[in-house]
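Student: Here's a sequence, model it:
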Amino acid sequence: MFNVTVLKMKDIRKYVIGVLVTIVVIIAISKYFPNHIKEKKIVETLIPENSMLECLEHTVPTISSINEEYKMIAMEGEEITEDKFLQGILNTQISSIKGMENIEKKEVVAKEETTESNDDDNKAEVAKIGLETQVITENPITESFNVQYEKVKIKNETEYELTNEMLQPDITIENKNIVLFHTHSCESYTSSEAYPYTATGNFRTTDLNFTVTRVGTELENQLKQYNYNVVHDTSYHDYPAYNGSYTRSLATVENILQTTPSDIVIDVHRDAIGSRSDYAPTVKIGESDVAAQIMFVIGTNNGGLWHPNWNQNLKFAIKVQEKAEEMYPGLFKPITLTKSRYNQHTAKYASIIEVGATGNTLEQCLTSMKYLAKVMDEVISH
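Tutor: Coordinates of the predicted model:
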């Protein structure tokens with residue numbers, strides 16, 4: 001015999017409010033208490049800088065997710081202030097309550113719209129091989145990398161020294177189910193004549209027919225041409241609030257994996273350069289196809305979060321990119337290896353792929369998926 005505990009929405013609200021009050025009190029004490037101590041150096045010795053946030057990160061799971069999201073924002077060039085960080089915590093908790101009450105309705109509407117607008121995409125033409133490829137980015141940004149394996153370039157932002165053994169893509173892909181999802185579902189591109197849209201933020205829109213979610217649908221359709229079982233989740237994770245996106249997408253992926261075990265889990269994003277909204281990394285393939293460049297972002301445990309399989313994730317990215325350099329050189333930018341985890345502990349070969357940047361058009365990113373799917377098939381089927 002066992003006991004079953006039923007949690008009501010009222011109980012969840014009380015818990016969240018209790019956590020918020022505790023956080024605010026702790027931060028207030030840590031911020032103002034030292035001002036009343038004559039010997040501030042003693043306090044700094046007893047309470048080292050950043051120790052409060054580190055403590056919260058280990059005791060309140062949401063904090064670690066917010067930290068990772070702000071690291072991603074910092075990579076895009078946006079300044080993060082203390083007030084913005086604290087506001088992020090509050091917004092995350094509040095939006096979690098709202099999300100539990102109404103997000104399901106929004107997801108149903110988005111999925112219906114996406115399915116309706118893309119009925120013809122299942123007949124998409126697959127990529128050809130043996131085509132000439134050339135990078136044609138206007139006003140390009142100089143490639144930044146500090147490690148290279150064969151023709152694959154890697155920007156290593158961690159404290160780990162990458163050995164040849166760690167880089168060698170000596171992996172075997174046995175479970176060929178593929179999971180696609182979007183932590184930042186509303187990331188969009190430069191509006192074009194073929195795909196005009198109404199923005200609801202800075203290169204963002206809640207109309208998922210014009211975002212990375214639509215790009216994920218294209219990748220899904222292309223992979224299905226090669227007879228792969230693909231689960232593509234089109235849920236909002238960054239709406240109604242951006243903060244807490246990784247917490248929500250983690251729950252989504254874990255739920256999918258309970259019913260569809262998979263080694264390959266891909267979080268599809270759009271890159272952004274804070275100072276260059278017109279940045280459009282582009283490659284020409286064949287006589288007429290213009291495709292947005294793609295970039296792998298691979299997380300590690302260097303930031304302190306549990307992530308035992310990050311090296312396998314890296315090997316998968318190298319294996320895919322190595323084949324891409326052989327088939328369509330220039331389709332990929334250098335891999336970015338980061339200290340953050342980005343939910344990639346969920347699978348053996350998990351990754352973020354950033355398709356294009358804010359200056360690219362949606363059609364360029366859809367074209368990229370045709371070639372990415374061809375490369376993945378060459379890697380997975382052999």
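Student: all strands of the stretch 251-382 of the chain, in order?
Tutor: 264-269, 282-285, 289-292, 294-298, 335-337, 349-355 (DSSP state E, counting those that start in this stretch).
Student: Make CSV from those and add distance to Ile178 to it.
Tutor: Heads up, the C-betas are built off the backbone N, CA and C, glycines and all. Formatted as CSV, those follow (distance: least, CB to CB, whole Å):
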stretch, distance to Ile178
strand 264-269, 5
strand 282-285, 23
strand 289-292, 20
strand 294-298, 15
strand 335-337, 19
strand 349-355, 10
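Student: Quick check: which of those strands is nearest to Lys315?
Tutor: Relative to Lys315, the nearest member of those by CB to CB is strand 349-355, separated by 8.1 Å.
Student: and the closest one, average pLDDT?
Tutor: Mean pLDDT, strand 349-355: 98.
Student: For the nearest residue to Leu362 once chain neighbours are set aside, give me its contacts.
Tutor: Nearest non-adjacent residue to Leu362, counting by CB to CB, 6 or more residues apart in numbering: Tyr195, 4.2 Å away. By CB atoms under 8 Å, 6 or more residues apart in numbering, the residues touching Tyr195 are 189, 210, 361-363.
Student: Output the strands of the stretch 251-382 of the chain in CSV; the columns should cover distance to His184 and mean neighbour count.
Tutor: Output for the strands of the stretch 251-382 of the chain, formatted as CSV (distance: least, CB to CB, whole Å; neighbours: other CB atoms under 10 Å):
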stretch, distance to His184, mean neighbour count
strand 264-269, 6, 25
strand 282-285, 21, 22
strand 289-292, 16, 24
strand 294-298, 12, 23
strand 335-337, 16, 23
strand 349-355, 10, 25
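Student: Quick one: closest of those to Leu162.
Tutor: Among the strands of the stretch 251-382 of the chain, strand 335-337 sits nearest to Leu162 (CB to CB), with 7.7 Å.
Student: Contacts for that closest one, please.
Tutor: With CB under 8 Å, 6+ apart as the criterion, strand 335-337 contacts 152-158, 162, 295-298, 300, 314, 317-318, 321.
Student: where does the chain dip in pLDDT?
Tutor: Applying pLDDT under 70 to the chain flags the ranges 1-123.
Student: Repeat the analysis, applying 80 as the threshold.
Tutor: Applying pLDDT under 80 to the chain picks out residues 1-124, 274-275, 382.
Student: Which parts of the stretch 201-350 of the chain are helices?
Tutor: Along the stretch 201-350 of the chain, counting by DSSP state H, counting those that start in this stretch, helices occupy 212-225, 245-259, 310-327.
Student: Now render these as a markdown table, adding mean neighbour count and distance to Ala357.
Tutor: Converted to a markdown table, the helices of the stretch 201-350 of the chain look like this (neighbours: other CB atoms under 10 Å; distance: least, CB to CB, whole Å):
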| stretch | mean neighbour count | distance to Ala357 |
| --- | --- | --- |
| helix 212-225 | 24 | 12 |
| helix 245-259 | 17 | 19 |
| helix 310-327 | 21 | 18 |
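Student: need those in CSV with distance to Thr142, can you?
Tutor: Shown next, in CSV, are these (distance: least, CB to CB, whole Å):
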stretch, distance to Thr142
helix 212-225, 25
helix 245-259, 30
helix 310-327, 19
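Student: closest to Ile171 out of the ones you listed?
Tutor: Between Ile171 and those, the tightest spacing by CB to CB is seen for helix 310-327, at 4.9 Å.
Student: CA atoms of that closest one as CSV?
Tutor: The C-alpha trace of helix 310-327 is given here as CSV (Å, rounded to 0.1, in the frame of the first residue of the first chain):
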residue,chain,number,x,y,z
TRP,A,310,29.3,16.1,-23.1
ASN,A,311,32.3,14.5,-24.9
GLN,A,312,30.0,12.2,-26.8
ASN,A,313,27.9,15.2,-27.8
LEU,A,314,31.1,16.9,-29.1
LYS,A,315,32.1,13.8,-31.1
PHE,A,316,28.6,13.7,-32.7
ALA,A,317,29.0,17.3,-33.8
ILE,A,318,32.4,16.7,-35.2
LYS,A,319,31.2,13.6,-37.0
VAL,A,320,28.4,15.5,-38.7
GLN,A,321,30.5,18.6,-39.5
GLU,A,322,33.4,16.4,-40.8
LYS,A,323,31.0,14.9,-43.3
ALA,A,324,29.5,18.3,-44.2
GLU,A,325,33.0,19.6,-45.0
GLU,A,326,33.4,16.7,-47.3
MET,A,327,30.0,17.2,-49.1
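Student: could you give the angle of it to strand 349-355?
Tutor: Per axes from the mean of the first three to the mean of the last three CA atoms, to 10 degrees, the angle that helix 310-327 makes with strand 349-355 is 50 degrees.
Student: what packs against helix 310-327?
Tutor: strand 152-156, helix 164-167, strand 294-298, strand 335-337, strand 349-355, helix 362-380 (3 or more CB pairs under 8 Å, 6 or more residues apart in numbering; DSSP states H and E).
Student: List of residues touching it?
Tutor: With CB under 8 Å, 6+ apart, helix 310-327 has contacts from 129, 149-152, 154, 166-171, 173, 264, 296, 298-301, 331-332, 335, 337, 341, 344-345, 348-351, 371-372, 374-376, 378-379.
Student: Please pick the buried ones from these.
Tutor: Among the contacts of helix 310-327, the ones that count as buried by 16 or more other CB atoms under 10 Å are 149, 152, 154, 167, 169, 171, 173, 264, 296, 298-301, 331-332, 335, 337, 341, 344-345, 348-351, 371-372, 374-376, 378-379.
Student: Endpoints of stretch 292-311, how far apart?
Tutor: 27 Å (CA to CA, to the nearest Å).
Student: Name whatever forms a beta bridge with the closest residue in space to His269 that isn't next to it in sequence.
Tutor: Among residues not flanking His269 along the chain, Glu354 sits closest, at 4.7 Å (CB to CB, 6+ apart). Beta-bridge partners of Glu354, counted by DSSP bridges, are His269, Met295.
Student: Can you verify my assumption that Glu354 contacts Met295?
Tutor: Yes - counting by CB atoms under 8 Å, Glu354 touches Met295, with 4.6 Å between them.
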